[in-house]
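J.: pasted the sequence and its predicted model underneath.
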Amino acid sequence: MLPCGGSFEEARRGAHRGAGAMSATGFTLAAGTLYLVATPIGHLSDITHRALEVLSKVDVIAAEDTRRTRRLLEHFGIDATVTKLFEHNERARIPGFIGRLQEGATIAVVTDAGSPGISDPGFPLVRAVIEAGLRVESIPGPSAVISALQVSGLPTDAFSFVGFLPPRPGARRHRLEALSERRETVVVFESPHRIERCLVDLEAVWGVRPIALARELTKTHEEVLRGSAAEIRAMLTADKRRGEMVLVLSGLPRREARKAAMRREAES
């Protein structure tokens, strides 16, 4: 989605000023390079000048959703060749992309929002490009994982990102039970239509340990709910069960970790 909190025109003007400044520095693309370009997770002003520069210069942009990407490009006045790259066609398209890179083409990969390859298409292509001895370059930018972690109020010195939880109840509960023994903060994605059942499972597994739920990050209705799973479930009214959601889960306290280790040792 591309809402921008009323600053579309500001983002457009700022982006064009930045792109001009980047061009003046002599910034050029490296032939035969795959660029992984992060795009806004909500607020359009979050796109970087470098991302705009790359998107305006590459030979082709491989996009998870071509219609959404074209809207983004049109907003910033970029005319580019866009082709589709999503979960179900990525592996089939890899040989063609490799061939173009070997001929010296430059290709940018973008997803619907955030950084390619992070619970989104991109990883199989990146691995294949590396194995072919070709260059891969990251154009960093917005990340729902980092944004949610920063505003969660939970420890940030060590964390694990584990993507989406399994959709099936039994598998999800099993996964949460395994994650509950980790000492570091855990970040997961969850869909709006499964969040209620997920919070029920979290209440059973995480108990009163603190968690945070960040929804609609950088968008007009951005909200962060903090507390136990039961408290957040009570706060998450029907009108709030929509939009992109990220859960940040506190790690196992040191005392509980020691007890768990002693139990495992005694059982072995």
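T.: Thanks, I have it.
J.: quick one, helices of the stretch 51-200 of the chain?
T.: 66-75, 90-102, 123-131, 144-152, 169-179, 195-206 (DSSP state H, counting those that start in this stretch).
J.: who's in contact with stretch 150-167?
T.: In this structure, residues lying in contact with stretch 150-167 by CB atoms under 8 Å, 6 or more residues apart in numbering are 118-119, 145, 149, 172, 174-176, 179, 182-191, 194, 198, 210-212, 214, 224, 226, 248-251. (Glycine included, C-beta is placed from N, CA and C.)
J.: how far does that stretch sit from the chain's center?
T.: 12 Å (CA atoms, centre = their mean, to the nearest Å).
J.: list only buried entries from the contacts of stretch 150-167.
T.: 118-119, 145, 149, 172, 175-176, 179, 182, 184-190, 194, 198, 210-212, 214, 224, 226, 248-251 (16 or more other CB atoms under 10 Å).
J.: which of these fall within strands?
T.: Counting by DSSP state E, these place 185-190, 211-212, 214, 224, 226, 248-249 in strands.
J.: okay, now the domains of this structure?
T.: With domains defined by automatic domain parsing, the chain comprises 8-20+28-139, 144-257.
J.: the first one: how far from the chain's middle?
T.: It stands for domain 8-20+28-139. Computed by CA atoms, centre = their mean, the separation of domain 8-20+28-139 from the middle of its chain amounts to 14 Å.
J.: before we move on, back to that, for Arg100, state which of the ones in strands among the buried ones among the contacts of stretch 150-167 is nearest.
T.: Phe189 (31.3 Å; CB to CB).
J.: beta partners of the closest one?
T.: Phe164, Val246 (DSSP bridges).
J.: that one reaches Arg215, doesn't it?
T.: No. Using CB atoms under 8 Å, Phe189 is not in contact with Arg215, being 11.4 Å away.
J.: tell me, how many residues neighbour Ala158?
T.: Neighbour count of Ala158, defined by other CB atoms under 10 Å: 10.
J.: how close does it sit to Val224?
T.: Using CB to CB, to the nearest Å, Ala158 is found at 21 Å from Val224.
J.: re the thing from before, Gly114 is nearest to which of the helices of the stretch 51-200 of the chain?
T.: So among the helices of the stretch 51-200 of the chain, helix 144-152 is nearest, using CB to CB, at 5.4 Å.
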